[in-house]
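# Sequence below, structure please.
(chains A and B)
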Amino acid sequence: MKSFVYFVQLLFILGCVPNENELKIYDFQGVQPFLQQKDEKVHVVNFWATWCAPCVKELPYFEKIQEKYIKDVEVILISLDFPSQYENKLIPFLEKRQLKSKVIVLDDVDMNSWIPKVDSNWDGAIPVTLIYNSKNHQFYPQSFTYDELAIEVEKFLN
Amino acid sequence: MINLKLFFLTLLITTTLSAQNGYDIGDVATDFKLENVDNNFISLSDFSEAKGFILIFTCNTCPYAVAYEDRIEALNKKYASLGYPVVAVMPNNTKIKPGDSLEAMKKRTIEKGFTFPYLIDREQSIFPQYGATKTPHVYILEKVKGENIVRYIGAIDDNYKSASMVKVKYVENAVEELLNSKDVHVAKTKAVGCSIKI
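This next block holds a predicted model:
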């Protein structure tokens, strides 16, 4: 029995167990490096959740941007889904959508401490998006159409 | 052409500014007359005995609002008799969120046994004046010489997942301070919520 437990633990460590263990779940400290990567790319960071209808609506636009600028842009979709919904909502959603963009999950209840660190103008409503490169940084507390998003991303590319 | 550009720029700036409008700490909050789940219309001025209010913009359909339902009810149980009743206002456009219709609000009130008024901002004219942007979004008001002064804006506490894991009860702390005639120490907090659907 004991060795079985070890075996399961080993699977977990190796990341071989499907479902929940495929999610990359971080607290805010773990997410912070994704908000300040120092390289040549334009980083498009979107905070979303499966329960947020306007967020889900704009996901394809982020996907399109990621595909169009595969070399120069990195899209990161940070899910704020509740841990109780990972198994029955978030994972099936991700499996169905087969998103090309990088998806990570933020699970950190002390929102009052980390929301202002993302941007001082963020009041906590989602969706919100952060676009940055090594020189500039812009926070968008809004939903996007594809055209609006493309215009903003292109500003950073030029 | 330049004029046109200027016009749009002005329009953009005005819209951006007005989007950020709303109350700050110390502002006088407007009263309202909104329909309750029992079809009566309720105003803050109806609560002649109240020392203030825990006004919460909330709804049926937002997972964060749902996570806080029991805690909102507990706040009313604890503080209504001490002079700070909970008044809940549902701000969403019910065409976009049919799950937040007055009928659905009634049903939820009965299911959960809410003892606080649960009002609908049907015209969506009240929440923008307060500057509420999401659910749940709390405004604590203190009644001073017949006016309702904003003393706290933000979240209920610091752990949406579990009431038992809460470390700081922002709303309770603020109400306790007001009841003890003290200044509210933590007057503004932030939390993730569902954007109000317009």
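# contacts and neighbour counts: CA atoms only from here.
OK.
# Get me the contact residues on chain A for chain B.
A:51-52, A:82, A:109-112, A:115-116, A:123-127 (Cα under 8 Å from any Cα of the partner chain).
# quick one, what contacts residue 47?
Picked chain A for this. A:77, A:78, A:79, A:80, A:126, A:127, A:128, A:129 (Cα atoms under 8 Å, 6 or more residues apart in numbering or on different chains).
# same question but for residue A:67, I mixed them up
Applying Cα under 8 Å, 6+ apart to residue A:67 gives the contacts residue A:100.
# quick one: low-confidence ranges for chain B?
Along chain B, the parts satisfying pLDDT under 70 run over B:1-20.
# Next, count neighbours for the residue in it positioned nearest to chain A.
The nearest approach of chain B to chain A comes at residue B:192, 4.0 Å away (Cα to the nearest Cα). Close neighbours of residue B:192, defined as other Cα atoms under 10 Å in any protein chain shown, add up to 23.
# That one against residue A:126, yeah?
Yes: applying Cα atoms under 8 Å, one finds residue B:192 in contact with residue A:126, separated by 7.2 Å.
# okay, the longest helix anywhere in chain A in CSV with CA atoms only?
For chain A, the helix that runs over the most residues, judged by DSSP state H, is helix A:53-68. Backbone C-alpha positions of helix A:53-68 (Å, rounded to 0.1, in the frame of the first residue of the first chain) are rendered in CSV as follows:
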residue,chain,number,x,y,z
ALA,A,53,-19.2,35.7,-20.1
PRO,A,54,-17.5,38.8,-21.5
CYS,A,55,-14.1,37.1,-20.8
VAL,A,56,-15.1,33.9,-22.6
LYS,A,57,-16.4,36.0,-25.5
GLU,A,58,-13.0,37.6,-26.1
LEU,A,59,-10.8,34.5,-25.7
PRO,A,60,-10.9,33.8,-29.5
TYR,A,61,-9.4,37.3,-30.1
PHE,A,62,-6.5,36.6,-27.9
GLU,A,63,-6.0,33.2,-29.6
LYS,A,64,-6.1,34.9,-33.0
ILE,A,65,-3.4,37.4,-31.8
GLN,A,66,-1.3,34.6,-30.5
GLU,A,67,-1.5,32.7,-33.8
LYS,A,68,-0.9,35.8,-35.9
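# Quick one: neighbours of residue A:92, just the number.
Neighbour number of residue A:92 under other Cα under 10 Å is 13.
# what's the pLDDT at it?
At residue A:92, the model reports a pLDDT of 95.
# same thing with residue A:158?
On pLDDT, residue A:158 comes in at 80.
# That one and residue A:41: what is the separation?
Relative to residue A:41, residue A:158 is positioned 12 Å away (Cα to Cα, to the nearest Å).
# Looking at the two, which one has more neighbours?
More crowded of residue A:158 and residue A:41, by other Cα under 10 Å: residue A:41, with 17 against 5.
# My guess is the more buried one contacts residue A:135. True?
No: the criterion here is Cα under 8 Å, and residue A:41 misses it with residue A:135 at 10.6 Å.
# ok, and the most crowded of the contacts of residue A:47?
Neighbour counts for the contacts of residue A:47, by other Cα under 10 Å, peak at residue A:126, which reaches 26 neighbours.
# What residues does it make contact with?
When contacts are counted by Cα under 8 Å, 6+ apart, residue A:126 touches A:47, A:48, A:52, A:55, A:141, A:142, B:192, B:193, B:194, B:195.
# from chain A, which residue is nearest to chain B?
Nearest to chain B in chain A, going by Cα to the nearest Cα, is residue A:124, at a distance of 4.0 Å.
# Any idea how many residues pack against that residue?
Neighbours of residue A:124 (other Cα under 10 Å): 26.
# Pull the contacting residues for the closest residue to it other than its chain neighbours.
Leaving aside its chain neighbours, residue A:124 sits nearest to residue B:192 (4.0 Å; criterion: Cα to Cα, 6 or more residues apart in numbering or on different chains). Counting by Cα under 8 Å, 6+ apart, residue B:192 touches A:111, A:115, A:123, A:124, A:125, A:126.
# mind redoing it with 7 Å?
Residues near residue B:192 by Cα atoms under 7 Å, 6 or more residues apart in numbering or on different chains: A:111, A:124, A:125.
# cool, residue B:89 as well?
B:56, B:57, B:58, B:118, B:119, B:120, B:121.
# got a list of contacts for the helix or strand hosting residue B:109?
Applying DSSP states H and E as the criterion places residue B:109 in helix B:102-112. Here helix B:102-112 makes contact (Cα under 7 Å, 6+ apart) with B:37, B:60, B:120.
# List phi and psi for residue B:119.
The phi/psi pair for residue B:119 (degrees, to the nearest 10) reads phi -100, psi 160.
# Most neighbours among the contacts of helix B:102-112, which one is it?
residue B:120 (29 neighbours).
# Which strand residues bridge that residue?
residue B:35, residue B:90 (DSSP bridges).
# Correct me if wrong: it contacts residue B:91.
Yes: assessed by Cα atoms under 7 Å, residue B:120 is found in contact with residue B:91 at 6.5 Å.
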